[in-house]
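> Sequence and predicted model, in that order:
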Amino acid sequence: MSATLAEICAALGGVLHGEPGLSITRLASLEAAEADSLSFVAQARYASQIASTRAGALIVPPALLDQAAARGACIETPDAYLYFARLTQWWQARRAAAEQAEGEAIHPSAVIHPKAQLGEGVTVGAFAVIEAGVVVEPSASIGAHCVLERRAHVGARTRLAARVTLGHDCSVGSDCILHGGVVIGADGFGFAQHQGEWIKIEQLGAVRIGDRVEIGANSCIDRGALEDTVLEDGVKLDNLIQIGHNVQVGRNTAMAGCVGVAGSAKIGANCTVGGGAVVLGHLTLADGVHISAASVVMRSIHQPGQYSGVFPLDDNRSWEKNAATLRQLHRLRDRIKALEKQS
């Protein structure tokens, strides 16, 4: 596909400097760009690459306009990185529309129950299964081999990649992206111990996911035991993330790969959790809490800020003694300094 600079500016805004009819066939980095490419320079530290890049046009902030205009066409915008993000969304939507026009909306091999409801413009890939009572709102996309169990709900314009499973009674809002292998609504890990064996607790809740949520490949969001597991609007999850049953994640919180959140934890809005970090069950994180990568959150955090911490594994009694001592190190240091001044 291709688009002219004039079409791009008409859709996304910005001030065009140069040839409006210049045809762009791909978006590219400064290093890989060719004459048919559109790239961006967001910060002054990359200004040295403006002269050397082969891109046909650049997206730049006002501070870099003179340099960019001296070499050729450019789009001026206050935030070049944000503009480029919006551009990728627009580009992907155009490409998806073109591909949809070329292919069949509902693949012949898909199995769709007569009592399922599919809105206008919905596409369904090969070998997908859509069970009774499912509602798929307009312009949603269901990838190949997806399974939508009974009474599941998919919002408008949401895209499920291949092999996504949406469990019974679970819902996903509008404008979401679920990448390959995501499982929404598997049973939470709940068992009662009795005479040396584990007795399963049936998981009777569901999963409710808000709008504009993105979930990375092979991540799992467990259904609640009694109440629902909830991801609010704007949550972003990387690949291979585990969200336990009854967890609540607030608006616009983001988690990097391999994070694990144990059951019934409550994570506030606008938080970040670094890769490989773990949040233990039944804890609460306030809004605006930022957890460093590989940290283990073992207590609730009630104030916003950056938190880090990893402690070596040991037998539990030794670990508790060492942890208590570690918490006193700052006070002990001050006492030692005071004693040194007296001597």
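Okay, I see it.
> Now do the contacts for the residue nearest to the spatial centre of the chain.
With distances taken as C-alpha atoms, centre = their mean, Lys236 lies nearest the centre of the chain, 2.4 Å away. By C-beta atoms under 8 Å, 6 or more residues apart in numbering, the residues touching Lys236 are 213-214, 252-255. No exception for glycine: its C-beta is placed from N, CA and C like everyone else's.
> if you set the cut-off to 6 Å instead, what comes out?
Contacts for Lys236 (C-beta atoms under 6 Å, 6 or more residues apart in numbering) come out as 214, 254.
> quick one: it and Val249, what's the gap?
10 Å (C-beta to C-beta, to the nearest Å).
> Same question for Glu76.
Glu76 sits 37 Å away from Val249, going by C-beta to C-beta.
> Give me the more crowded residue out of the two.
It is Val249, of Glu76 and Val249, that has more neighbours when counted by other C-beta atoms under 10 Å, with 28 against 20.
> List the beta-bridge partners for that one.
Beta-bridge partners of Val249, counted by DSSP bridges, are Leu231, Ile267.
> That one reaches Leu231, doesn't it?
Yes. Val249 lies in contact with Leu231 (C-beta atoms under 6 Å); the separation is 4.8 Å.
> on that earlier part again, per-residue confidence for the residue nearest to the centre of the chain?
Looking at Lys236, its pLDDT stands at 98.
> now it, which residues is it bridged with?
In this entry, Lys236 is beta-bridged to Glu214, Ala254, by DSSP bridges.
> quick one: it from Gly205, how far?
Lys236 sits 23 Å away from Gly205 when distances are taken as C-beta to C-beta.
> sec struct for Ser318, please.
For Ser318, the secondary structure call by DSSP: H, G, I helix; E, B strand; the rest coil comes out as helix.
> And this protein, what are its domain boundaries?
Domain ranges of the chain: 3-102, 312-343, per automatic domain parsing.
> Deepest in the core, which of those is it.
Stretch with highest mean neighbour count among those: domain 3-102 (a mean of 17; mean count of other C-beta atoms under 10 Å).
> Just give me how far it sits from the chain centre.
Mean C-alpha position of domain 3-102 versus that of the full chain (C-alpha atoms, centre = their mean, to the nearest Å) differs by 25 Å.
> Thank you, goodbye.
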